[in-house]
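> Attaching a predicted model along with its sequence, questions to come.
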Amino acid sequence: MAVLNVNIDHVATIRQARRTDEPDPVWAAVECELAGANGITVHLRQDRRHINDRDVRALKESVACKLNLEMSMAEPIVKIAEAIVPDQVTLVPENRAELTTEGGLDCVQFRRRLQEVVRRMHKKGIVVSTFITPEHEQIAASAATGCDAIELHTGAYANARTERAAQKQIGALVAGRDFAREKGLIVHAGHGLTYRNIADVARIEGLCEFNIGHSIVSRAVLVGLREATRRMIELIDKYGRAAEIRNSKSEIRNKCQ
């Protein structure tokens, strides 16, 4: 059964809109943990547009569950990760002009740098995941460089305009999951997932962790962060459990035939 990591970047976005000290992402992390979140995810960008260095340090000291640091492979950021030692880092591409992370990390093109960063993170005891599109060559490169996990980019699914297009992307995610597991990788998923579209992705067995942020923070404006987190966990559990029951019944039928 997959678990939920809540990305709290946009709590910091609200704070930065006024360059003040509230809302504090540390407060947000507490609310998410009280609601049952498995982990807290933050992206320390080079431009510091939302999460800043102080936030990461404070979260490291206060988060009781998993702290997942999304980051580029830029040397100053890598050094911060080495100093803070989060439980996990998720390596992502970064473009200063983007509104949000666009596309997956090109592990093939940057293979040498990726291998170096993985080695340095492992030296600190940090689990390493790469945020990638569900393409075999990217998955293979992640495995070959020593990564522990991958996070499959679900943006193409989330942005699909028709049900047929969405199901095609689900097929690509399933194929990516299968290949990653063959390579010995743990499989996570995230990007663009909402309360409206989580069902089909949550039904995919073998996805261990979802990273979801914007949709949860958006709902939290209306219902509170604890309730928004709790509701997303309920949906992941509901559809994940239904998939497990369906597959279990299928296995029983096959054994009886």
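Looks like it arrived, so ask away.

> Show me the shaky parts of the stretch 51-200 of the chain.
Within the stretch 51-200 of the chain, the segments meeting pLDDT under 70 span 96-102.

> the helices in it, which residues?
53-62, 75-84, 111-123, 136-144, 155-158, 163-182, 198-202 (DSSP state H, counting those that start in this stretch).

> Turn the ones you listed into CSV, including distance to residue 233.
Backbone N, C-alpha and C define where each C-beta goes, glycine included. As requested, those are exported to CSV (distance: least, C-beta to C-beta, whole Å):
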stretch, distance to residue 233
helix 53-62, 20
helix 75-84, 27
helix 111-123, 28
helix 136-144, 27
helix 155-158, 19
helix 163-182, 20
helix 198-202, 11
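
> Now tabulate those in a markdown table and tack on distance to residue 37 and mean neighbour count.
Shown next, in a markdown table, are the helices of the stretch 51-200 of the chain (distance: least, C-beta to C-beta, whole Å; neighbours: other C-beta atoms under 10 Å):
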| stretch | distance to residue 37 | mean neighbour count |
| --- | --- | --- |
| helix 53-62 | 13 | 16 |
| helix 75-84 | 20 | 15 |
| helix 111-123 | 23 | 17 |
| helix 136-144 | 25 | 20 |
| helix 155-158 | 20 | 20 |
| helix 163-182 | 22 | 16 |
| helix 198-202 | 15 | 21 |
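
> for those helices, which one sits closest to residue 189?
Each of the helices of the stretch 51-200 of the chain was scored for nearness to residue 189 using C-beta to C-beta, and the closest is helix 198-202 (6.1 Å).

> Show residues contacting the closest one.
Helix 198-202 has contacts (C-beta atoms under 8 Å, 6 or more residues apart in numbering) with 2, 154, 157, 166-167, 170, 173, 189, 193, 207, 210, 212, 232, 235-236, 238-240, 243.

> make it 7 Å
Defining contact as C-beta atoms under 7 Å, 6 or more residues apart in numbering, one finds that helix 198-202 is touched by 2, 154, 157, 166, 170, 173, 189, 193, 235-236, 239-240.

> Can you convert those residues into JSON lines and add a column each for distance to residue 74?
Below are the contacts of helix 198-202 laid out as JSON lines (distance: C-beta to C-beta, whole Å):
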{"residue": "2", "distance to residue 74": "30"}
{"residue": "154", "distance to residue 74": "25"}
{"residue": "157", "distance to residue 74": "29"}
{"residue": "166", "distance to residue 74": "34"}
{"residue": "170", "distance to residue 74": "33"}
{"residue": "173", "distance to residue 74": "28"}
{"residue": "189", "distance to residue 74": "25"}
{"residue": "193", "distance to residue 74": "26"}
{"residue": "235", "distance to residue 74": "35"}
{"residue": "236", "distance to residue 74": "32"}
{"residue": "239", "distance to residue 74": "37"}
{"residue": "240", "distance to residue 74": "35"}
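
> Can you tell me which of those is nearest residue 12?
In terms of C-beta to C-beta, no member of these lies closer to residue 12 than residue 193, at 19.8 Å.
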